[in-house]
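**Student:** need coordinates for the below:
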Amino acid sequence: MATLEIHDLHVSVESESGSTEILRGVDLTVKQGETHAIMGPNGSGKSTLAYSLAGHPKYTVTGGTVTLDGEDVLEMSVDERARAGVFLAMQYPVEVPGVSVSNFLRTSATAVRGEAPRLRTWVKEVKEAMERLEMDPAFAERNVNEGFSGGEKKRHEILQLELLRPKVAILDETDSGLDIDALRIVSSGVNRVRESGDVGTLLITHYTRILRYIKPDHVHVFAGGRIVESGGAELADKLEAEGYEQYTKGVAS
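**Tutor:** Below is the predicted model of the structure:
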């Protein structure tokens with residue numbers, strides 16, 4: 001069973017004014033087939049956690065451990081983490097001029113699977129996945145995210161998720177900027193992957209609206225760079241009703 005274990009994780013970011021600690025001792029275990037929602041206000045460190053797990057060079061791990069199936073994730077390069085099964089759907093997906101979606105997806109699948117997918121089978125696989133996400137097939141020949149709307153970028157992220165089938169999917173505010181229809185379609189894609197039971201999902205969000213479509217097994221409240229409360233899906237309802245103020249009072253920023 002694939003397991004991501006985060007223990008006492010501390011992360012800092014450098015700026016002109018010096019080093020600032022963002023994560024202050026995060027403990028979390030995400031097992032295969034589980035969905036964990038991390039909720040919290042702006043500036044609490046949720047996205048820092050996501051990017052630190054993926055290996056973004058902006059963030060410096062100053063303490064703690066992260067393992068996936070017992071392997072030290074923090075010792076891996078960004079591409080090694082991806083091949084090991086760590087997937088990040090970004091809040092703001094970047095454009096990659098000169099690289100078509102079809103080439104990007106096949107290259108990614110080759111890296112993750114260890115061999116190139118058979119072309120005929122792969123074309124069918126991509127076409128069916130795009131149909132499920134209600135994506136125009138013409139997108140396959142466009143440059144990655146170039147000229148895509150916010151919703152189209154998010155669908156492309158979930159298209160990658162469906163095709164790559166990682167061990168751990170980190171979804172950083174996937175609901176950000178989505179209208180109701182796009183939210184439904186994107187959530188359905190996430191749920192299809194979840195239903196396989198092979199993926200552990202870490203869903204980072206401000207709001208409960210995506211949790212109406214993607215039901216979490218565990219909900220964690222993030223404040224001041226750490227998890228301050230955990231519970232079941234009912235905790236999200238409490239946050240919807242009462243907000244984050246009770247968790248942020250007296251928390252150092």
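
**Student:** make it CA atoms for all contacts and neighbour counts henceforth
**Tutor:** Noted.

**Student:** at which residues are the strands of the stretch 1-150 of the chain located?
**Tutor:** 3-15, 18-31, 35-39, 59-68, 71-72, 86-89, 96-100, 143-144 (DSSP state E, counting those that start in this stretch).

**Student:** winner for burial among the ones you listed?
**Tutor:** Most buried of the strands of the stretch 1-150 of the chain, by mean neighbour count (mean count of other CA atoms under 10 Å): strand 35-39, with a mean of 24.

**Student:** neighbouring strands - and their directions - for that strand?
**Tutor:** strand 200-205 (parallel), strand 218-223 (parallel) (DSSP bridges).

**Student:** I'd like to check the angle between that strand and strand 18-31, please.
**Tutor:** 150 degrees (axes from the mean of the first three to the mean of the last three CA atoms, to 10 degrees).

**Student:** ok, residues contacting strand 35-39?
**Tutor:** Contacts with strand 35-39, where a contact means CA atoms under 8 Å, 6 or more residues apart in numbering, come from 30, 46, 194, 200-207, 215-222.

**Student:** just the buried members of these?
**Tutor:** Neighbour-count burial (16 or more other CA atoms under 10 Å) applied to the contacts of strand 35-39 gives 30, 46, 194, 200-207, 216, 218-222.

**Student:** so which residues of the stretch 151-253 of the chain form helices?
**Tutor:** For the stretch 151-253 of the chain, applying DSSP state H, counting those that start in this stretch gives helices covering 180-195, 234-242, 245-248.

**Student:** turn the ones you listed into TSV, columns for mean pLDDT.
**Tutor:** Converted to TSV, these look like this (pLDDT from 0 to 100):
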stretch	mean pLDDT
helix 180-195	94
helix 234-242	92
helix 245-248	86
